[in-house]
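>>> After the sequence you'll find the predicted model.
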Amino acid sequence: MTLTTGQRAVKGLSGTLFAFVLLVLYAPFAIMLTLSFGERATAVFPPSEFTFVSYEKLLHPSDYSLFTIAGEPLTNYWPPLRLSLILGLLTALLATALALMAALAFRRRFRGRGPLFYLLLLGLLTPGVILGLGMRLFADQVGLGAHWYTTGLLLHVAWTMPFGFIVFLIFLNRYDVSVEEAAAVLGASRWKVFRTVTLPLLAPGVMGSLLFGFTLSLDEVQRSSFVMGRDQTLPMELLAVTGVRITPVVYALGSLIAVVSFALLALYFVGFERERRRTAIAEPDEDDDFTAAAPLAAAA
Amino acid sequence: MTTPSGYLELAGVEKRFGETAVLHGIDLSIAEGEFVSLIGPSGSGKTTTLRIITGTDEPTSGAVRLRGEDITFVPAHKRGFAMVFQHFALFPHKNVYDNVAYGLQLRGTAKRELTERVTTMLERVHMREYASRRVNELSGGQRQRVAIARALVIEPRLVLLDEPTGALDAKLRLRMQSQLKELHRELGLTFVHVTHNQSEALALADRVFVMNDGRVEQSGPPASVFNAPATRFVADFVGRNNLIDGTVEGGDFVTALGTFALNGRVARDGLRGSCTAVIRSDSLRLGEPPEGCPRLEAELQALEYGGSFVTWFLHAAGTALQLDLRAEESGELEPAIGRRYRVWWKPEDAHYLCND
């Protein structure tokens, strides 16, 4: 195919732009990963030495002999990391269950459907600081103590649920309800229909919603800063530490988290693609049928 | 009209969505083992009727009875019916075998019996070698056969078919119709079939119910509905009929196309008021008519070649007419679009519908 000069220019420009976007997205990670193998406090790129000492500091936070940089915070990242993982997991499960129920309810027409729809999505647009502050004030009024498992969990679920809701709406949009009717007429109760038809068909959506819930919760600072009480999640801890002094330990931790995230994402996409191919109904190819229906004709 | 003793009965079934009435009191009675077709254009209420029978929808008033037992509000999953959907509605996450086994699994059928019944049914629809295939690897016709097997394997008390061949091409449709007929004969189950395709209903059904605007306009064996339509709507929808509207005045039928002598039929058939003459498209003729036959002039507008027959589409004074001719006969006339032709029919080939 021959392109005009204009088309070639646009093509070249789009390619460059795309490359630039990729660079902006992933270069910081590459730099962080490189710096995590350095020892010096100040970020010199590229690092002059190569060492795993920052990773050792992560693994042995109580071995003070490893911390040789002047003014380096002696931080144990494991408790906040564990808290963040537990909170993320609980958030993902609760938000996904709620989002699925809400999305299934929105398949039907009911009074107040429109306003309720926007109310559900409003949480996405509300500034996080305001949401966090409001939650804290509300909790104080009703005498609910601020902990990760009270106000913290509530807020994380409220924050991530609309994302799951949108994911399910997208999946339900191309969902053929007649398969549920077919199951019901064949003798499946509503619960059976949900268990054997609806849920398996929405499995990719469930995965997507869980992923949203988990990553958004793991990453959350703004709202959390008001509602966690004395509990510290990982991002809150990191923010506190980097306010004092940034050392390569932070880069090491960041790199570990990023690598694990990429691996999880890759796993998800493999699973998602397989699931999609399994459940997608392709348009039948009618041409095939003359050979396929031949035994039928022979038997008739 | 004689109604067969009711196995499935609908009595005064009405359905309203808010202010809009979709069904205005449907009464129908179906015998056990019968093959019944509901036909009508889209929007006539046939699909709503079907959904009320399956229990996926509830009537606003009226009753549904099975063997005399009121099942109006029995949920779909407790009725013991099965349905074949137009777009198959197969479970995309299950393979062919598991799709067919689904209904039996819900009934807790023992493993050995389940395997046997599913395998037998797959053989019956010639899909056994596809048992482990995924549904999205199948062609349209194969999917339809899986859908039929999935419905029939549970030996339902009623089989509902919603446009079962609607998504298939013409050749496949005929093949699927003969297979449905065969399965009905062999299994002796009661079939309720919904379609807008009148030729399919005529080919399959023991009785047809012609629906229009939420009402049953006419019911009976296909041949009687086809040969003696009871209303103008049925005459227009079923078969290939020409409809000429006019009024009976004295001994004549006065229309925009001319005045035709009724020769004593006025008294004999009790014709009066505004009537419609129904003339089958193969009863209209061209050329010089014998003495005493009604005739008119019409302009040829289009031709349709249908194998051994050619259909002439003519137009006269605001009325569309169609006329079937044998291909060689049509060819000899060297038809020219835009030319005027003389059209006639034998008086006894016209069937009059009058509304007083």
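The structure has been received and is ready for your questions.
>>> Please count neighbours and contacts with C-alpha atoms only from this point.
Will do.
>>> low-confidence ranges in the chain?
Picked chain A for this. Chain A contains residues with pLDDT under 70 at A:1, A:40-45, A:278-300.
>>> I was thinking of chain B, sorry if that wasn't clear
For chain B, the ranges with pLDDT under 70 are B:1-5, B:356.
>>> which residue packs closest to the residue in it that chain A sits nearest to, ignoring adjacent ones?
Of all residues in chain B, the one sitting closest to chain A is B:His77 (3.9 Å; CA to the nearest CA). Spatial nearest neighbour of B:His77, chain neighbours left out: A:Gly187 (3.9 Å); criterion: CA to CA, 6 or more residues apart in numbering or on different chains.
>>> May I have the secondary structure class of the one you found?
coil (DSSP: H, G, I helix; E, B strand; the rest coil).
>>> Please parse chain B into its domains.
In terms of domains, chain B is parsed into B:8-227, B:240-355 (source: automatic domain parsing).
>>> What is the burial count for the residue in chain A positioned nearest to chain B?
Of all residues in chain A, A:Gly187 sits closest to chain B, at 3.9 Å by CA to the nearest CA. A:Gly187: 26 surrounding residues under other CA atoms under 10 Å in any protein chain shown.
>>> which ones are touching it?
B:76-80, B:103, B:106-107 (CA atoms under 8 Å, 6 or more residues apart in numbering or on different chains).
>>> now swap in B:Thr115 and tell me
Contacts of B:Thr115 (CA under 8 Å, 6+ apart): B:Ala101.
>>> Ok, the one 3 residues further on next?
When contacts are counted by CA under 8 Å, 6+ apart, B:Val118 touches B:97, B:100-101, B:153.
>>> Quick check: which element contains it?
helix B:111-124 (DSSP states H and E).
>>> Using PDB, write out the CA atom coordinates for that helix.
The C-alpha coordinates for helix B:111-124 follow below in PDB (Å, rounded to 0.1, in the frame of the first residue of the first chain):
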ATOM      1  CA  LYS B 111     -24.900 -40.500  36.500                       C
ATOM      2  CA  ARG B 112     -25.400 -43.700  34.400                       C
ATOM      3  CA  GLU B 113     -28.900 -42.800  33.200                       C
ATOM      4  CA  LEU B 114     -27.800 -39.200  32.500                       C
ATOM      5  CA  THR B 115     -25.000 -40.300  30.300                       C
ATOM      6  CA  GLU B 116     -27.200 -42.600  28.500                       C
ATOM      7  CA  ARG B 117     -30.000 -40.200  27.900                       C
ATOM      8  CA  VAL B 118     -27.700 -37.300  26.800                       C
ATOM      9  CA  THR B 119     -25.800 -39.600  24.400                       C
ATOM     10  CA  THR B 120     -29.000 -41.000  22.900                       C
ATOM     11  CA  MET B 121     -30.400 -37.500  22.400                       C
ATOM     12  CA  LEU B 122     -27.100 -36.300  20.900                       C
ATOM     13  CA  GLU B 123     -27.300 -39.200  18.500                       C
ATOM     14  CA  ARG B 124     -30.800 -38.400  17.600                       C
END
